[in-house]
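In: what shape does this take:
(one chain, ligands or ions: 1)
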Amino acid sequence: MVPLATIRKIEGICAKFIWHGGIHAISWEQLCRPRKEGGVGLRSLVSVREAAGIKLAWRFLQGGSLWSAWMSSRYLRGRNFWVCDIDNNFSVSFKHILRNRPVLRKAIRRKMREGGETDLWLDPWIAGQSLLEILGPQSDGVEYRGLTCRRIIRGGVWRPEEYRFTAQLGGEIRQVQITPDVLSDVWVWAPPGYTEGAGEFRFSSCYDLVRSHFDKIEEYDFIWGKGLARKMQLSAYKLVLDRLLTRDRLLRFGVPVPDPTCVLCEAENESIGHLFFQCQVAWSIWAEQSRRYLGGVGRERDFREILQWIGDGRGRGQSWARRARLRLAASVWHVWRERNRRIYEGLSTPLVGILHNIESDVLVIFP
Ligand SMILES: [Zn+2]
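Out: Below is the predicted model:
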């Protein structure tokens, strides 16, 4: 198991590589979210490490290997896996396995054959809970200790009435699947929200279980929808997150900027709001796209409002919406590129040249 500090160091190196050692415009944690949740779908190594720990605990629980048999006889010595206290004498990896029990149990379900391998009192076999947990530690459970679930299964059917369970608990017990098609009682991999794989362990669902979850972003289609060139995706992504390094932002980061003026219009200071699309030059690039190919120009001069305008125009059909998003993303990318060329290379392209470049970009994608 790689130490957490090492993992964080590696992630730091990856982040530095992505940002070429410069300002980290988007945090590593944010990049590691799925695209639908505002990231670029990288995998967080911290979460991968956690998922690997769950996988190890799952393998131990499954048994059937020399390794698990050895660990079990050396450390558990007949004690129940779910309630065994962590002992200082345990190996690092066995301690790790036991620490992963709370997350592991969220991802598994008990499939019963005859109940003979399932501890009636201690195993979490009723919707992820054990009888001990359901009835509470104040109930001494003396009638259930040391018994297996075989006690309340007859002829492949639950018989909870053999004990004085409440009607509700009896109902919950009857919900637990009894399947004659397994060789013995088994744990199956069944994390919430996943149906594929029929009980087999899947790393992707395990990763999903341990990672942090965030709200869906509205602009997903605009950034990642079908048919955007990668360069356009990246500028669209940064724009949506409001992380393009415009001159006003650089100044806020304390980067010396000799002149805060917009290099496109040379009339106002540069900011995200100005470039997309208050700026007269940038605006004419987008307006030209919209007039020629989208059947008119809206009054909106703000990037988000334009996205809204495209969203409202869905009545014009999927194809129109797709074309509109592509034209918008192409305008964003070419405005940003022209701005960078003027600042860093001292080169400038006249408006007709920029429009021509957009045309050749778009025709490749949407002939
Ligand atoms: Zn401007």
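
In: CA atoms only for the longest helix along the chain, dumped as CSV, please.
Out: Longest among the helix segments of the chain by residue count, using DSSP state H, is helix 318-340. Output of helix 318-340 as CSV, limited to C-alpha atoms (Å, rounded to 0.1, in the frame of the first residue of the first chain):
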residue,chain,number,x,y,z
GLN,A,318,-31.2,19.0,-32.3
SER,A,319,-29.1,19.7,-35.3
TRP,A,320,-29.5,23.5,-34.9
ALA,A,321,-28.6,23.3,-31.2
ARG,A,322,-25.5,21.2,-32.0
ARG,A,323,-24.4,23.6,-34.7
ALA,A,324,-25.0,26.6,-32.4
ARG,A,325,-22.9,25.1,-29.6
LEU,A,326,-20.1,24.3,-32.1
ARG,A,327,-20.2,27.9,-33.5
LEU,A,328,-20.1,29.3,-30.0
ALA,A,329,-17.2,27.1,-28.9
ALA,A,330,-15.3,27.8,-32.1
SER,A,331,-15.8,31.6,-31.5
VAL,A,332,-14.6,31.2,-28.0
TRP,A,333,-11.5,29.3,-29.0
HIS,A,334,-10.6,31.7,-31.8
VAL,A,335,-11.1,34.8,-29.7
TRP,A,336,-8.9,33.3,-27.0
ARG,A,337,-6.3,32.2,-29.6
GLU,A,338,-6.2,35.6,-31.3
ARG,A,339,-5.8,37.3,-28.0
ASN,A,340,-2.9,35.0,-27.1
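
In: contact partners of whichever helix or strand comes after it?
Out: Remark: after helix 318-340, the chain's next helix or strand is helix 351-365, criterion DSSP states H and E. For helix 351-365, contacts defined as CB atoms under 8 Å, 6 or more residues apart in numbering pick out 227-229, 232, 281, 284-285, 288-289, 326-327, 330-331, 333-334, 338, 349. Yep, even glycine has a C-beta here, placed from its N, CA and C like the rest.

In: is the longest helix of the chain in proximity to the ion?
Out: No - Helix 318-340 does not reach the ion (CB under 5 Å from the ion); its nearest approach is 8.7 Å.

In: what comes up buried for that helix?
Out: Using 16 or more other CB atoms under 10 Å as the test for burial, helix 318-340 gives 320-336, 338-339.

In: check stretch 302-309 too.
Out: Here stretch 302-309 shows 303, 306-307, 309 as buried, counting by 16+ other CB under 10 Å.

In: what's the answer for stretch 137-147, then?
Out: In stretch 137-147, counting by 16+ other CB under 10 Å, buried: 141, 144, 147.

In: with only the CA atoms kept, save that stretch in CSV.
Out: The C-alpha coordinates for stretch 137-147 follow below in CSV (Å, rounded to 0.1, in the frame of the first residue of the first chain):
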residue,chain,number,x,y,z
PRO,A,137,-26.6,-3.7,21.9
GLN,A,138,-29.0,-3.5,24.9
SER,A,139,-30.7,-6.7,23.7
ASP,A,140,-28.4,-9.4,24.8
GLY,A,141,-29.3,-11.6,21.8
VAL,A,142,-28.7,-14.7,23.8
GLU,A,143,-31.2,-16.7,21.8
TYR,A,144,-29.4,-15.9,18.5
ARG,A,145,-25.7,-16.1,19.4
GLY,A,146,-23.7,-18.8,17.7
LEU,A,147,-26.6,-19.6,15.4
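
In: contact partners of that stretch?
Out: 119-121, 131-132, 135, 163.

In: which members of those residues occur in helices, if any?
Out: 131-132, 135.

In: residue 74: how many residues sit nearby?
Out: 12 (other CB atoms under 10 Å).

In: likewise the one 10 residues further on?
Out: The criterion is other CB under 10 Å. On that basis, residue 84 has 17 neighbouring residues.

In: now the farthest one out in this protein, which residue is it?
Out: residue 162 (45.4 Å; CA atoms, centre = their mean).
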